[in-house]
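Asker: just coords:
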């Protein structure tokens, strides 16, 4: 009897147990996720209203008097857009270099790989502390609206500063996923482009990157979810407030002042209204947390839809 026949004749109980363990693990993860969402819905759904979404926060210690989330939603969206503008070109460029140009045997490759791993493991609060120390230097006065110690020192807290640091914070994740997407493009695509006499850079720009677009878009959208849910960087570099730095922040003439000023996001609103923070409106905090979770879920659904649609188009 051959070795293969002996293996077939033995009972494959290990395979069934492994499959069962995988199902249990998946069920536990799903149950935890659904439990969190269900608890937020139970605690916060009755606080959701048109007024909740169209009014600004108010600083009050009275229960239920924390105001609405108009400014935090606008601040969250603005921070996401600015951070993506900072992160996207760097992430795509780095991922392209790592997958198409880098020599894996060189010392520079090891340095870059190690740098990405270290950045990925650094807590966001460390990024926030470093950003505050860096962007408080006088050379960066143009990024914030006022000085902390006179005109010689920058304030170091603004949407621009928070977006830069937030973009750097999510860079390792987006670079890694984008690199894998670029590497997944079939070699035949590259060979076909080279056979037509197209230069390597042009083949990357016209063939490889469009083919890898679903994975890159998915990475960026998931990175947006990480940006929306961060607290430490927002607290340290956006001022830890529930208002906008500019009084008439909706006016186009105040746009630059808004970018260079402090602001609020959903995470700061949750903290200020939670008893764990400075507020006494837990139901409003639960409602804002529910809005934040729905936003993150929506970004994940969009990422899934975009990835599937682009795959169908590619096939």
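Answerer: Arrived safely. Since this is a predicted model, take the numbers as computed values, not measurements. Numbering: from 1, shown residues only.

Asker: please identify which helix or strand holds residue 280.
Answerer: Assigned by DSSP states H and E, residue 280 belongs to neither a helix nor a strand.

Asker: could I get the full set of helices for the stretch 101-250 of the chain?
Answerer: 107-121, 124-135, 159-183, 187-195, 200-203, 209-229, 232-237 (DSSP state H, counting those that start in this stretch).

Asker: which one, of the ones you listed, ends up nearest to residue 78?
Answerer: Nearest to residue 78, of all the helices of the stretch 101-250 of the chain, is helix 159-183, at 5.9 Å by C-beta to C-beta. All C-beta spots, glycine's among them, are computed from the backbone N, C-alpha and C.

Asker: buried stuff in that closest one?
Answerer: Across helix 159-183, burial judged by 16 or more other C-beta atoms under 10 Å covers 159-179, 181-182.

Asker: could I get the average pLDDT for that helix?
Answerer: Per-residue pLDDT over helix 159-183 has a mean of 92.

Asker: what's the angle from it to helix 107-121?
Answerer: Helix 159-183 runs at 120 degrees relative to helix 107-121, counting by axes from the mean of the first three to the mean of the last three C-alpha atoms, to 10 degrees.

Asker: next, count neighbours for residue 16.
Answerer: 10 (other C-beta atoms under 10 Å).

Asker: just the pLDDT for it.
Answerer: pLDDT at residue 16 comes out at 73.

Asker: contacting residues around it?
Answerer: Contact partners of residue 16, counting by C-beta atoms under 8 Å, 6 or more residues apart in numbering, are absent.

Asker: and it, that's in a helix?
Answerer: Yes: under DSSP: H, G, I helix; E, B strand; the rest coil, residue 16 sits within a helix.

Asker: tell me where the model's unsure across this structure.
Answerer: 1-15, 59-66, 146-152, 276-279, 307, 309-315 (pLDDT under 70).

Asker: report the buried residues of stretch 89-100.
Answerer: Within stretch 89-100, the residues that count as buried by 16+ other C-beta under 10 Å are 91, 92, 94, 95, 96, 98, 99, 100.

Asker: oops, could you answer that again for stretch 48-58 instead?
Answerer: 48, 52, 56, 57.

Asker: okay, now that stretch: how far is its last residue from its first?
Answerer: One end of stretch 48-58 to the other measures 16 Å (C-alpha to C-alpha, to the nearest Å).

Asker: number the chain from 52, please
Answerer: OK, 52 is where the count begins now, so the last one is stretch 99-109.

Asker: and it, how far out from the chain's middle?
Answerer: 25 Å (C-alpha atoms, centre = their mean, to the nearest Å).

Asker: if we can go back for a sec, now for the buried residues of stretch 99-109: which two are most distant?
Answerer: Greatest spatial distance in the buried residues of stretch 99-109: 99 and 107, 16.4 Å, computed using C-beta to C-beta.

Asker: residue 134 contacts residue 221, correct?
Answerer: Yes: between residue 134 and residue 221 there is a contact under C-beta atoms under 8 Å: 7.2 Å.

Asker: what do those two both touch?
Answerer: By the contact definition C-beta under 8 Å, 6+ apart, residue 134 and residue 221 are jointly contacted by residue 278.

Asker: what residues does stretch 181-189 touch?
Answerer: Contacts for stretch 181-189 (C-beta under 8 Å, 6+ apart): 191, 194-195, 199, 203-208, 212-213, 215-216, 284, 287-288.

Asker: now intersect the buried residues of stretch 140-151 with the helices, please.
Answerer: If you go by DSSP state H, these have 142, 143, 145, 146, 147 in helices.

Asker: CSV for those, including distance to residue 73?
Answerer: As requested, these are arranged in CSV below (distance: C-beta to C-beta, whole Å):
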residue, distance to residue 73
142, 32
143, 34
145, 34
146, 30
147, 35
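
Asker: what's the most distant pair in those residues?
Answerer: Largest pairwise distance in those, by C-beta to C-beta, is 9.6 Å, between 142 and 147.

Asker: contacts only, for the nearest residue to residue 305 once chain neighbours are set aside.
Answerer: Distance criterion C-beta to C-beta, 6 or more residues apart in numbering; nearest residue to residue 305, sequence neighbours excluded, is residue 297 at 4.4 Å. Going by C-beta under 8 Å, 6+ apart, residue 297 touches 305, 308, 309, 312.

Asker: backbone phi and psi for residue 297, please?
Answerer: Dihedral angles of residue 297 (phi, psi; degrees, to the nearest 10) stand at phi -100, psi 140.

Asker: go on, residue 108?
Answerer: Torsion angles, degrees, to the nearest 10, at residue 108: phi -60, psi 150.

Asker: identify the residues contacting it.
Answerer: Counting by C-beta under 8 Å, 6+ apart, residue 108 touches 117, 118, 119, 120, 122, 123, 293, 294, 315, 320, 323.

Asker: want to try JSON lines for those residues, with neighbour count and secondary structure as columns?
Answerer: Below are the contacts of residue 108 laid out as JSON lines (neighbours: other C-beta atoms under 10 Å; DSSP: H, G, I helix; E, B strand; the rest coil):
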{"residue": "117", "neighbour count": "28", "secondary structure": "coil"}
{"residue": "118", "neighbour count": "22", "secondary structure": "strand"}
{"residue": "119", "neighbour count": "22", "secondary structure": "coil"}
{"residue": "120", "neighbour count": "29", "secondary structure": "coil"}
{"residue": "122", "neighbour count": "23", "secondary structure": "helix"}
{"residue": "123", "neighbour count": "26", "secondary structure": "helix"}
{"residue": "293", "neighbour count": "25", "secondary structure": "coil"}
{"residue": "294", "neighbour count": "19", "secondary structure": "coil"}
{"residue": "315", "neighbour count": "28", "secondary structure": "coil"}
{"residue": "320", "neighbour count": "31", "secondary structure": "helix"}
{"residue": "323", "neighbour count": "23", "secondary structure": "helix"}
